[in-house]
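> would you be able to build a 3D model of this:
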Amino acid sequence: MRRLKFTVDSRLLRELGERLVGRPHIALAELVKNSYDADATQVIIRFMPDHIEVLDDGHGMTPEDFEDKWLRIGSTHKEREAYSPRLRRPLTGSKGVGRLAVQLLANKLEIRSVSALIKSLELIAYVDWREAVEAGDLTEAPVNVDETAATTRFAENSPIGTKLILTDLNHSWGPQEFEELARELWPLQSPFKHPATQSEAFRITLESPYASFVRAFDNQMRAMLGLWTARLSGELLPEGTEPSGEVFNVTRSRAVPSEAPNSEAWDTPSDFSIGDLPDAAPARIVRLQLEFHNSRTETVYYRLANCHIDRLNFEIRVYNLTRRQPQGIAVGDARAYLRRFGGVHVYDTGFHLPYYGPDTDWLHIEIDHSHRLSRSRLLPSAIQRPGGLSSLPTNSRLFGVVNVNTTHEQRFAEEQYGNSTDALAIQVSRDRLTETPAYRDLVTLVRWALDFYAMNEAQRAAESSRKNLSRGEKPSKRLERLQGTLDDIKDEIPDDTFEELSDEIDRVLRESQAEERRYESYLGLLGALATAGISALAYEHEVYKQFETLEDIALSLYDAQGSSAAQAPDLVSIAQEVEAWLERARATHNLFSHLLQEENRTIRRRFPAKSTIGLVWDQVAAINPGVTLNLDAVSETLTLPPGRYVEWSAIFQNIFTNAFNAMRESPQRSIDVSSSHARGSMSLLVQDTGVGVDLTDADNLFDPFVRKLKPGPDHTALALGGGGLGLTIVRMMAEELSCTVEFVNPDAHHATAIRISWRD
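Numbering: from 1, shown residues only. Prediction:
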């Protein structure tokens, strides 16, 4: 009997390389993963006219490493070692064939490597893949290796690392290929940088003749990330931290999603308590910030009992892509981006775990949508909203990054509990986390944040609906909601039906928005004209007084004609009275002069706040002499939101007119304006020394024909306006300019304060 051995045909090299990778840009991504496993912090992929270089600053290879690991096909050393030697990163591969991807890119490979263990020695190896494949038996495939004094400099000019030089290339690389490569490399490193992960940074640099295409892609992707409508930022606080606000307790779910065949199992509270589990972990608190774009930011804290995680931070952005987007990004492109890259991703020590993303429902979002759940059992009753969970965004509307460190979690569990069975861990396949109690806690903590967002969004929608019903909602807003609803059910209707409906809604939406813009331009002019009508009452009174002045001057001149030289009036004094009258007449004319200039009525721009308020004051000050204006506390750099001059003139003219009426009987008559900004919110505060308002019902003053100020009989003829429309115009114009106007508490030196605020 003879004992025979298996032999391996060398063509297996090509089969493994081509079938496991398939496409050139994926092959390069595999090389990047090898650099990550080698503790590199920087990888450079450099395209030259006739070759490609891949450099890193990792720990490099000794001759023994090259022979025992690199040359051994299907090596299992990554399964045995599990973590990288220096940074203790979880190794990204386990099958030992990723290096064979090189032959898909080029026929010849040169390897230069200097190990951190032997910094004076440089390994140089040459592989001709054609020769290797033609060798017949895989064990006979030739690889030429040399050892020399270390001279090569690697990424970031590092003296240690690895450099691959690929020649006799199999593919040409043009703009399209580079964009595909950029798309493949994009998810490998987190686009969100968090202070807790800076020490784990891993950077990929792509150098090529088409660098502009790659930069354009990168810029577009980052611009896309900025189109969010809401942002959730969470961080697990160190054990023992005392939060500054109320803490909500988390209701545990019974199972992780993969163990839950239906959403009822996911939502059912657990039957166990902390005492039921061995080695019970401490309770831990997450600080969560929920920010709505151009709106408020809310911070909440929530506590998870028996938490098996020690470090965690995440950022999740919510998108509502239903209208034209800024920076030239088409809605269709933005949606396509989220379909490919969206969902909530997990990064372990800064490197992407491929299982988590747009095609994986690891947070159990899609299945809860399919069951049309309306109530979250992770949240306490105090923050539930009727039907709130229906506002939970689908994966196609999310882009999120969850940062964990399984190496730290394993060490922490060993130190605290003597074993790491329950801690976060990577599966042998290296593409996902093992379903341990810590993984269950990870799902619970991240999903709690999304449920909290859903409740807040439901509350915002209800408030907006009530406001829209009371003030009249724009048709375009209803169309945008309709487009959003259509997007949510996209997967449930035929593609051609979706495209037809979407195109029709977009067409009607554009027409509606154009009509609304025309209406807004008319509204701005109507508001200014209405203000002019109110000012005309003051103008009439002022002109009547000027007629009296002219009559007095005329009488003085008649007296001068019939008087003797000794009794003649002083003609110089009469001339001075005429000049004073002319000056007052010109000032009165200023009330309306701005309406005569076309650019003031038609051109929208950002006006400097301080000088604009000063110009409006010049228009109205003459009709109420004796009132002082102080603008010292207004920032010189503050600009108003985009609008027409007649619109801003109408706002401030009516505010000043309201203040004039309130200060008729005040011993000190002054108006002070100040500016402030905080977290992207800008505001102007206009305060006066008038009679003041009752803040409990001050908002009613903005309603038409409501007037709280009642001047006495002697002042009725002198009061400006009087119809109760001034503040109505102020609010109407402010809302069209995306501003909020309200009465607020004045400081100790004033009686009334009105604030105009906006997001910048």
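> for residue 41, give me phi and psi.
Summarising the backbone geometry of residue 41 under the convention degrees, to the nearest 10, its torsions are phi -110, psi -10.
> contacting residues for it?
Under the criterion of Cβ atoms under 8 Å, 6 or more residues apart in numbering, the neighbours of residue 41 are 57, 156, 201-203. Where C-beta positions appear, they are placed from N, C-alpha and C, glycine not excepted.
> now residue 107: which helix or strand?
When elements are defined using DSSP states H and E, residue 107 is found to belong to strand 106-114.
> can you spell out which helices and strands pack onto that strand?
strand 121-128, helix 129-134, strand 161-169 (3 or more Cβ pairs under 8 Å, 6 or more residues apart in numbering; DSSP states H and E).
> tell me, how many residues neighbour residue 290?
Using other Cβ atoms under 10 Å, residue 290 has 20 neighbouring residues.
> wasn't it part of a strand?
Yes: assessed with DSSP: H, G, I helix; E, B strand; the rest coil, residue 290 lies in a strand.
> so it sits right up against residue 298, yeah?
Yes: counting by Cβ atoms under 8 Å, a contact exists between residue 290 and residue 298, whose distance comes to 4.9 Å.
> mutual contacts of those two, please.
When Cβ under 8 Å, 6+ apart defines a contact, the residues bordering residue 290 and residue 298 alike are residue 456.
> to residue 311, which of the helices and strands packed on strand 106-114 lies closest?
Proximity to residue 311, assessed across those by Cβ to Cβ, is greatest for strand 161-169 (28.5 Å).
> quick one: buried residues of that closest one?
Along strand 161-169, the positions that meet the burial threshold by neighbour count (16 or more other Cβ atoms under 10 Å) are 161-166, 169.
> strands paired with that strand, and their directions?
On the basis of DSSP bridges, the sheet neighbours of strand 161-169 come out as strand 51-56 (antiparallel), strand 106-114 (antiparallel).
> just the mean pLDDT for the longest one, thanks.
Spelled out, it's strand 106-114. When the per-residue pLDDT values of strand 106-114 are averaged, the result is 91.
> same question for stretch 240-247.
If you average the pLDDT over stretch 240-247, you get 87.
> so what touches it?
Outside stretch 240-247, the residues within contact range by Cβ under 8 Å, 6+ apart are 237, 285, 287, 299-303.
> what is the nearest of these to residue 377?
Of all the contacts of stretch 240-247, the one sitting nearest residue 377 is residue 302; the distance, using Cβ to Cβ, is 13.8 Å.
> could you say which helix or strand contains the residue lying closest to the closest one once chain neighbours are set aside?
Here the nearest residue to residue 302 in space, its sequence neighbours aside, is residue 248; by Cβ to Cβ, 6 or more residues apart in numbering that works out to 4.5 Å. Secondary structure assigned from DSSP H and E places residue 248 in strand 247-249.
> for residue 673, same thing?
Assigned by DSSP H and E, residue 673 falls within strand 670-678.
> and that strand, which strands flank it?
The partner list of strand 670-678 in its sheet, established with DSSP bridges, is strand 628-633 (parallel), strand 681-688 (antiparallel).
> okay, these, which one's buried deepest?
Comparing the strands paired with strand 670-678 by mean neighbour count (mean count of other Cβ atoms under 10 Å), strand 681-688 ranks first with a mean of 21.
> got the contact list for it?
By Cβ under 8 Å, 6+ apart, the list of residues contacting strand 681-688 from outside reads 609, 613, 634, 638, 655, 659, 662-663, 669-677, 744, 746-747, 749-760.
> domain parsing of this structure, as residue ranges.
Taking automatic domain parsing as the reference, the chain has its domains at 12-223, 228-473, 517-759.
> where among these is the average confidence lowest?
Between the domains of the chain, the one with the least mean pLDDT is domain 517-759; it has a mean of 73.
> burial count for the closest residue to residue 608 other than its chain neighbours?
In space, and not counting its chain neighbours, residue 608 is closest to residue 639: 5.7 Å by Cβ to Cβ, 6+ apart. When counting by other Cβ under 10 Å, one arrives at 15 neighbours for residue 639.
> go ahead and confirm residue 639 touches residue 606.
Yes: here residue 639 lies in contact with residue 606, judged by Cβ under 8 Å, at a distance of 4.3 Å.
> mind listing the strands for the stretch 151-300 of the chain?
The residue ranges that make up the strands of the stretch 151-300 of the chain, judged by DSSP state E, counting those that start in this stretch, are 161-169, 203-207, 230-236, 247-249, 284-292, 297-304.
> among those, which is nearest residue 425?
Checking the strands of the stretch 151-300 of the chain against residue 425 by Cβ to Cβ gives strand 230-236 as the closest, at 17.7 Å.
> give the pairing partners of that closest one; include direction for each.
Applying DSSP bridges to the sheet, strand 230-236 is found paired with strand 284-292 (antiparallel), strand 313-318 (antiparallel).
> send the alpha carbons of the first one over as CSV?
Extracted as CSV, the C-alpha positions of strand 284-292 are listed here (Å, rounded to 0.1, in the frame of the first residue of the first chain):
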residue,chain,number,x,y,z
ARG,A,284,-24.6,53.1,33.4
ILE,A,285,-25.9,56.4,32.0
VAL,A,286,-25.9,57.7,28.5
ARG,A,287,-26.0,61.4,27.7
LEU,A,288,-28.0,62.1,24.6
GLN,A,289,-28.2,65.3,22.6
LEU,A,290,-31.0,65.7,20.1
GLU,A,291,-30.6,68.6,17.7
PHE,A,292,-33.1,69.6,15.0
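> got the angle between it and strand 297-304?
With axes from the mean of the first three to the mean of the last three Cα atoms, to 10 degrees as the basis, strand 284-292 and strand 297-304 are set at 160 degrees to each other.
> which outside residues touch strand 284-292?
Among residues not part of strand 284-292, those counted as contacts by Cβ under 8 Å, 6+ apart are 229-237, 239, 241, 243, 247, 297-304, 307, 309, 312, 445, 448-449, 452-453, 456, 460.
> and it, which residues are buried?
By neighbour count, and taking 16+ other Cβ under 10 Å as the criterion, the buried residues in strand 284-292 are 284-288, 290-292.
> so where do the helices sit in the stretch 651-760 of the chain?
If DSSP state H, counting those that start in this stretch is used as the criterion, the helices of the stretch 651-760 of the chain fall at 713-716, 726-736.
> what's the separation between residue 400 and residue 341?
Here the distance between residue 400 and residue 341 works out to 11 Å (Cβ to Cβ, to the nearest Å).
> residue 487 too?
When distance is defined by Cβ to Cβ, residue 487 is 17 Å away from residue 341.
> cool, residue 191 as well?
If you measure residue 191 against residue 341 using Cβ to Cβ, the figure is 9 Å.
> bridging residues for residue 111?
The residues paired with residue 111 through beta bridges, assigned by DSSP bridges, are residue 125, residue 164.
> that one: how many residues sit nearby?
Residue neighbour count, defined by other Cβ under 10 Å, stands at 20 for residue 111.
> that older thread, list the contacts of the strand holding residue 107.
Applying Cβ under 8 Å, 6+ apart, the contact partners of strand 106-114 are 51-52, 60-61, 66, 70, 102-103, 121-130, 150, 152, 154, 159-170.
> filter those residues down to the buried ones, PyMOL style.
In PyMOL, this line selects whichever of those come out buried by 16+ other Cβ under 10 Å:
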select buried, resi 52+60+61+66+70+102+103+121+122+123+125+127+128+129+150+152+154+159+160+161+162+163+164+165+166+169
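> packing partners for the helix or strand hosting residue 484?
Of the helices and strands defined by DSSP H and E, residue 484 is found in helix 475-488. The criterion is 3+ Cβ pairs under 8 Å, 6+ apart, and the helices and strands that helix 475-488 contacts are helix 495-562.
> can you do 10 Å?
Under the contact criterion of 3 or more Cβ pairs under 10 Å, 6 or more residues apart in numbering; DSSP states H and E, the helices and strands touching helix 475-488 comprise helix 331-341, helix 437-471, helix 495-562.
> what residues sit buried inside that helix?
For helix 475-488, burial by neighbour count (16+ other Cβ under 10 Å) applies to 476, 479-481, 483, 486-487.
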